[in-house]
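Participant: Quick one: sequence plus predicted model below, questions after.
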Amino acid sequence: MDLVLEDLSGKLIGASIAVHKTLGPGFLEATYETALCIELRYRKIKYEKQKPIKTFYRNVPIGIHRIDLIVEQQVIVELKAVETFDRVHFAQLKSYLKATGLHLGLLLNFNSPVLQIKRFVL
């Protein structure tokens, strides 16, 4: 991973930790998403929220999915508020990376005493 992505990843993790320290576990995913957007704006980090992406099969569009956040047009951030990560969460992030052509994704679980962070590089 290049230094720019490494730096951006560190900034995203720092912003996510700040949100988790302030709110703690127990809220819905949408609450954490809104709070993280506020934190990113505060830190002057650009993002797109609930970005729609088309899915294709044999060049035919078959569906539209919404990505929680795309940060600086380089990193996909998927937020969860679950007891623990499941394989389907990793599969979802991997699919979003493939569909967008991006290479770095962060999977964040706010519903635990310590923020759970998984970084995925494609």
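Facilitator: Happy to help now that I have it.
Participant: measure the residue at the greatest distance from the centre of the chain to residue 92 for me?
Facilitator: The outermost residue of the chain relative to its centre, with distances by C-alpha atoms, centre = their mean, is residue 58 at 27.3 Å. As judged by C-beta to C-beta, to the nearest Å, residue 58 and residue 92 stand 22 Å apart. In this view, the C-beta of every residue, glycine as well, is placed from N, C-alpha and C.
Participant: Let's verify the residue at minimal distance from the centre of the chain: helix, strand, or coil?
Facilitator: By C-alpha atoms, centre = their mean, the chain has its centre lying nearest to residue 77, at 1.1 Å. Secondary structure for residue 77, judged by DSSP: H, G, I helix; E, B strand; the rest coil, is strand.
Participant: if I read this right, it contacts residue 69, doesn't it?
Facilitator: Yes: at 4.0 Å, residue 77 counts as touching residue 69 under the criterion of C-beta atoms under 8 Å.
Participant: shared neighbours, these two?
Facilitator: Shared between the contact lists of residue 77 and residue 69 (criterion: C-beta atoms under 8 Å, 6 or more residues apart in numbering) are residues 36, 47.
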